[in-house]
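>>> generate coordinates for the sequence data below:
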Amino acid sequence: MNKTKYDEKNLQRGFFTRFLDSVEWLGNLLPHPVTLFAMLCVLVVIASGIAAALGVSVADPRPANEGEWIAVNSLLNAEGLRRLITEVVTNFTSFAPLGTVLVAMLGVGVAEHSGLLSASMRALVLNRSPRIVTYAVVFAGIMSNTASELGYVVLIPLAAMIFHSLGRHPLAGLAAAFCGVSGGYSANLLIGTVDPLLSGITQEAARLLDPAYSVGAEANWFFMFVSTFFVTIIGGLVTEYIVEPKLGKFDSAYAEDNIDQQRMEGLSDTEKRALKGTGLTMLAITALLVAMVVPEGGILRNPETGLVSGSPFLRGIVVIVAAAFIMLGFIYGRLAGTMHNDRDVVNAMAKSMSSLGLYIVLVFFAAQFVALFNWSNFGTVIAVAGASLLESLGLSGPGLFALFIIMCAIVNLSLGSASAQWAVTAPIFVPMLMLMGYAPEVIQAAYRIGDSVTNLITPMMSYFGLIMAIAARYRKDLGIGTLIALMLPYTLFMLIGWSLLFFIWVFVFGLPVGPGSATYYTL
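Below you'll find the predicted structure:
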């Protein structure tokens, strides 16, 4: 009996592995990501011209634009050509992730080249259980969303280095961190920056039916608090039982030449003293930030509302962290003897920037594609058409929510912004599902599941290029198919598992998704 179960388990695992191998093979038939984005730019221009000529359009669901239509804009004309030529540079320089990555890497570069990151990692993970490290990486990725995009530029490359230092495959560490940072985007123990953004859109959509309805930033806090641990468990299990076994043993022959230098050894006495001094400095920096954020009149709180939400502290978290890394890296370097003056700091920054060559090239073409896609209105048209199709099916209850989550996950593949997608679809689904008896807070929670899980497998996600560049350090021939196949198990298991948690939460126990949030709505 035991042997039969073992054989069945191996057969199932073999089938899933072959499926992922097929995804990777098909994906890697695609050209280099830079070439692919260039080809997609051409495709969007041609497709927009065809769609505009055919009159492809959808009714605008926003109340302020009632009676108006959203049509595909043609880029295959003189106006499109003029716009492309005149805005290529601004498309590139205004691409939001570019500035975030460059600023953060200035600080990370100093901390890395001084030896601070290496020493800190060794102190944290050496002699620790590999399983604890796996789940800690996923959990840290989820929590990093409180600090905006910091997880992408700091934690993901750090996790790859941690796994490599422990003799594990670095791409498994990258995948685990990516799962937490991007797949678990909506989950958190704290109320993050995305909560007030989405709740504001939900409230406006709910007021189409109930003008007095109010939705707060804490609307989904209970559900997302529990989801943090649930996503951590799923991410850890997928990493250990699917992703890491499939990757096998890491072969540095396929990686960059200096990768083996990342392997960790025990801390020397000098490094221990340097870490203690750096730790005291970090406490001083933290105390200073607390003094500027915690008091009601703190200078880094929102000057208009007096709250932390929307404050300079949250909006400038990347700058604050980069500055902290520079100071801590230099202090560690001075104490450890690896840095002596400002010239060493500048050289560390320059080396960090030089490692981003591939990312910058890729971002140039990715930025053009995203701009063209937005100009053409394809993303909005796809979102509205998908929402209308789901509405026309006439389903109710769990079946409708299941299709709603799946639709949001699919639309997220082409319309990566959480707020943009919700701004278009909320006016349709929030009033519709309210009439069917469900509270806006519950509808928003379901949306956030679909909006998160496919972040891992879409090149439209703003930081996909950065993840590709980081992964290429450990596998020089890595293609889009390899990365998608690596992350697909997380998407599938999170989509199924997180949706089941939602259905049990709402339809079995009828629990509130947040403090004061109703599960059901009555007129």
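
>>> the residue nearest to G337 when sequence neighbours are not counted: what secondary structure?
Nearest residue to G337, sequence neighbours excluded (CB to CB, 6 or more residues apart in numbering): T270, at 6.9 Å. Bear in mind the C-beta positions are built from the backbone N, C-alpha and C, glycine included. Recorded secondary structure, T270: helix (DSSP: H, G, I helix; E, B strand; the rest coil).

>>> cool, and A291?
helix.

>>> excluding chain neighbours, give the residue nearest to it in space.
Spatial nearest neighbour of A291, chain neighbours left out: G298 (7.2 Å); criterion: CB to CB, 6+ apart.

>>> and the one you found, that's in a helix?
No. Going by three-state DSSP, the assignment for G298 is coil, not a helix.

>>> so it makes contact with L307?
No. G298 lies out of contact with L307 (CB atoms under 8 Å); the separation is 10.4 Å.

>>> tell me which residues touch the nearest residue to Y521 once chain neighbours are set aside, please.
Among residues not flanking Y521 along the chain, A439 sits closest, at 4.5 Å (CB to CB, 6+ apart). Contacts of A439 were listed using CB atoms under 8 Å, 6 or more residues apart in numbering, and they are 517-521.

>>> got phi/psi on A439?
Main-chain dihedrals, A439, degrees, to the nearest 10: phi -70, psi 150.

>>> ok, now how distant is it from P211?
16 Å (CB to CB, to the nearest Å).

>>> okay, now the unreliable bits of the stretch 401-523 of the chain?
Within the stretch 401-523 of the chain, the stretches with pLDDT under 70 are 415-420, 424, 523.

>>> quick one: the helices in it?
418-435, 440-453, 464-472, 480-503 (DSSP state H, counting those that start in this stretch).

>>> all helices of the stretch 251-400 of the chain, in order?
Under DSSP H, counting those that start in this stretch, the stretch 251-400 of the chain gives helices at 269-293, 312-315, 317-336, 342-354, 357-376, 378-392, 397-411.

>>> mean confidence (pLDDT) on the second one, please.
This predicted structure assigns helix 312-315 an average pLDDT of 79.

>>> can I get it in PDB, CA atoms only?
Output of helix 312-315 as PDB, limited to C-alpha atoms (Å, rounded to 0.1, in the frame of the first residue of the first chain):
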ATOM      1  CA  PRO A 312       6.800  61.700   3.300                       C
ATOM      2  CA  PHE A 313       8.200  58.800   5.300                       C
ATOM      3  CA  LEU A 314       6.300  56.200   3.200                       C
ATOM      4  CA  ARG A 315       6.700  58.000  -0.100                       C
END
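
>>> report the buried residues of it.
Using 16 or more other CB atoms under 10 Å as the test for burial, helix 312-315 gives 312-314.

>>> which ones are touching S144?
Per CB under 8 Å, 6+ apart, neighbours of S144: 150-151, 154-155, 180-181.

>>> dump those to a markdown table, plus pLDDT and distance to M282.
Listed next are the contacts of S144 as a markdown table, based on pLDDT from 0 to 100; distance: CB to CB, whole Å:
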| residue | pLDDT | distance to M282 |
| --- | --- | --- |
| L150 | 65 | 16 |
| G151 | 76 | 19 |
| V154 | 77 | 15 |
| L155 | 83 | 17 |
| G180 | 94 | 23 |
| V181 | 91 | 22 |
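
>>> just to check, M327 is in contact with T281?
Yes. Counting by CB under 8 Å, T281 is a contact partner of M327 at 6.9 Å.

>>> who wins for neighbours among the contacts of A439?
Among those, S517 has the most neighbours (other CB atoms under 10 Å), with 22 neighbours.

>>> which non-adjacent residue is nearest that one?
E441 (3.8 Å).

>>> pretty sure the one you found sits against G514.
Yes. Contact criterion CB under 8 Å: E441 and G514 qualify, at 5.8 Å.

>>> before we move on, the earlier item: tell me which of G298 and L307 has more neighbours.
G298 (18 against 13).

>>> pLDDT at that one, what is it?
The predicted local confidence for G298 is 87.

>>> and the gap between it and A78?
To A78, G298 is 53 Å away according to CB to CB.

>>> and what of G481?
For G481 relative to A78 (CB to CB), the value is 37 Å.

>>> show me which of those two is the more surrounded one.
G481 (17 against 7).

>>> isn't the more buried one right next to S22, touching?
No. Contact criterion CB under 8 Å: G481 and S22 do not qualify, at 9.6 Å.

>>> where do the contact lists of these two overlap?
Between them, G481 and S22 share no contacting residue, judged by CB under 8 Å, 6+ apart.

>>> ok, S214 - contacts?
Q203.

>>> which residues touch the residue most central in space within the chain?
When CA atoms, centre = their mean is applied to the chain, the residue found nearest the centroid is S182 (2.6 Å). By CB under 8 Å, 6+ apart, the contact set of S182 is 141, 152, 452, 455-456, 461, 463.

>>> in CSV: the residues you listed, plus distance to V346 and neighbour count.
Listed next are the contacts of S182 as CSV, based on distance: CB to CB, whole Å; neighbours: other CB atoms under 10 Å:
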residue, distance to V346, neighbour count
G141, 31, 27
Y152, 25, 27
S452, 39, 27
N455, 35, 28
L456, 36, 26
M461, 33, 22
Y463, 27, 24
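
>>> and which of these is nearest V294?
Using CB to CB, G141 comes nearest to V294 of the contacts of S182, at 25.8 Å.

>>> so where do the helices sit in the stretch 51-200 of the chain?
78-93, 96-113, 116-125, 130-143, 150, 156-165, 170-178, 194-206.

>>> follow-up on the earlier one: including distance to N188, could the contacts of S182 go into TSV?
Listed next are the contacts of S182 as TSV, based on distance: CB to CB, whole Å:
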residue	distance to N188
G141	11
Y152	15
S452	11
N455	15
L456	17
M461	18
Y463	18
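
>>> with the residues you listed in mind, which one is nearest to E218?
So of the contacts of S182, ranked by how close each gets to E218 (CB to CB), first place is S452, at 18.5 Å.

>>> and the closest one, how close does it get to Y254?
31 Å.

>>> one more: A205?
To Y254, A205 is 49 Å away according to CB to CB.

>>> looking at those two, which is more packed in?
The neighbour comparison of A205 against Y254 (other CB under 10 Å) goes to A205, with 28 against 12.

>>> check contacts around the more buried one.
Here A205 is in contact with 426-427, 429-431, 440 (CB under 8 Å, 6+ apart).

>>> need the max-distance pair from those.
The span of the contacts of A205, defined through CB to CB, is set by P427 and P440 at 11.6 Å.

>>> run through the residues that contact the residue nearest to I285 when sequence neighbours are not counted.
Take I285 and drop its neighbours on the chain: the residue closest to it by CB to CB, 6+ apart is A324, 5.5 Å away. The contact partners of A324, by CB under 8 Å, 6+ apart, come to 107, 282, 285.

>>> how near is A324 to L492?
38 Å.

>>> do the same with K351
Taking CB to CB, one finds K351 at 39 Å from L492.

>>> more neighbours, these two?
Comparing K351 with L492 by other CB under 10 Å, the one with more neighbours is L492, at 16 against 13.
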